[in-house]
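Trainee: Predicted model and sequence follow; I will ask about them next.
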Amino acid sequence: MQSEGGDVRIVADRPEPDGTIPAILDIRLKPGWKTYWLEPGSSGISPQVTIDPEDGIAFSGLRFPAPKAFHDGIASYTGYDHSVAFPLSLKREKTGDLLLKASVFLGICKDICIPVQADLSLSLPESLAGNPLDRARIDDAVAALPMEPSDTFKVTAASFDAAGKRLHVSLVTPEAVAPAELFLAGPPGYSFGKPEMVTSENGKVTAEIPVRIPAKGGALKSGSVVLVARSGGLSMQTPLAFD
């Protein structure tokens with residue numbers, strides 16, 4: 001599917017023996033255009049994909065590489081200023097030929113944001129021959145995802161101050177010099193401001209993050225917020241377990 005700011009397509013390879021279907025939502029942006037992360041900020045549109053379950057394919061979500069923070073002088077948003085691919089978590093639920101039918105909704109922006117709505121389909125016959133170029137694109141997208149927490153890159157403490165509407169987070173990072181960048185996404189309606197009072201010393205990072213709570217919202221539950229941290233050339237993703 002072509003739009004003013006770039007092309008959007010689904011790329012998939014033949015299913016693995018366990019039924020997993022390697023696949024990505026591939027967004028080829030034109031120079032100067034951007035698209036958005038899971039939590040897009042005040043002026044963005046988070047990517048949404050719906051897969052038709054009647055075709056025997058189960059879908060359990062998109063996965064995202066670590067984003068960047070952008071400020072245009074008026075609003076702030078979070079996303080990507082280069083071509084990007086989001087791995088799709090797909091699994092076949094029947095044998096035989098498959099037809100992957102997807103409804104995609106996302107935002108691509110330059111001076112203004114253009115909502116992009118598309119219905120995409122991809123045939124996955126049982127005799128599908130693997131395409132090395134497509135498989136390399138899928139493998140590269142998976143390799144670009146944030147790593148799991150480790151002894152050298154993890155959250156060491158997290159708490160939510162409901163009265164003050166703030167998150168408090170402490171981390172250890174592998175880069176003792178470069179300050180960590182933090183990105184957060186939570187339940188629908190909740191949003192997060194720019195991290196404040198960030199301190200970084202010898203790879204130990206602390207930060208406070210303002211939380212915007214919807215009118216009918218309440219205290220955030222442990223595990224309901226996802227944090228992505230970038231330190232140097234590495235990134236890590238984890239749900240926050242509140243103290």
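Mentor: All right, it came through fine.

Trainee: residues in contact with the residue sitting nearest the centre point of the chain?
Mentor: What sits nearest the mean C-alpha location of the chain, by Cα atoms, centre = their mean, is F64, with 2.8 Å. Counting by Cβ atoms under 8 Å, 6 or more residues apart in numbering, F64 touches 37-38, 86, 145, 228. To be clear about C-beta, it is placed using only N, CA and C from the backbone, and glycine gets the same treatment.

Trainee: Y36 too?
Mentor: 44-47, 77-80, 106-107.

Trainee: Highest neighbour count among those residues?
Mentor: The most neighbours of any of the contacts of Y36, using other Cβ atoms under 10 Å, belong to G79, which has 26 neighbours.

Trainee: That one belongs to a strand, doesn't it?
Mentor: Yes - membership of G79 in a strand is supported by DSSP: H, G, I helix; E, B strand; the rest coil.

Trainee: what bridges to it?
Mentor: Counting by DSSP bridges, G79 is bridged to Y36, K68.

Trainee: Just confirm it contacts K34, I think it does.
Mentor: Yes - using Cβ atoms under 8 Å, G79 is in contact with K34, at 5.4 Å.

Trainee: Mutual contacts of the two, please.
Mentor: With Cβ under 8 Å, 6+ apart, G79 and K34 have common neighbours F70.

Trainee: so where does A136 fall, helix or strand?
Mentor: helix 132-143 (DSSP states H and E).

Trainee: So which residues make contact with the first helix or strand past that helix going along the chain?
Mentor: Per DSSP H and E, the first helix or strand lying C-terminal to helix 132-143 is strand 154-161. Residues from elsewhere that reach strand 154-161, judged by Cβ under 8 Å, 6+ apart: 149, 166-172, 211, 219-220, 227, 229, 236, 238, 240-243.

Trainee: follow-up on the earlier one: mind giving me the packing neighbours of the helix holding A136?
Mentor: Under the contact criterion of 3 or more Cβ pairs under 8 Å, 6 or more residues apart in numbering; DSSP states H and E, helix 132-143 touches strand 6-12, strand 23-29, strand 84-92.

Trainee: low pLDDT regions in this protein?
Mentor: 73-75, 176-179 (pLDDT under 70).

Trainee: now do 80
Mentor: The model of the chain has pLDDT under 80 over residues 1-3, 42-44, 71-76, 111-113, 127-130, 175-179, 197-203, 216-219.

Trainee: Distance check, G217 against S224.
Mentor: From G217 over to S224 the distance is 11 Å, taken as Cβ to Cβ, to the nearest Å.

Trainee: Mutual contacts of these two, please.
Mentor: Shared contacts of G217 and S224, counting by Cβ under 8 Å, 6+ apart, come down to P187.

Trainee: quick one on the thing from earlier: output the helices and strands packed on helix 132-143 in a markdown table, with mean neighbour count and distance to Y190 appended to each entry.
Mentor: A markdown table is the format used below for these (neighbours: other Cβ atoms under 10 Å; distance: least, Cβ to Cβ, whole Å):
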| stretch | mean neighbour count | distance to Y190 |
| --- | --- | --- |
| strand 6-12 | 19 | 27 |
| strand 23-29 | 22 | 24 |
| strand 84-92 | 21 | 22 |
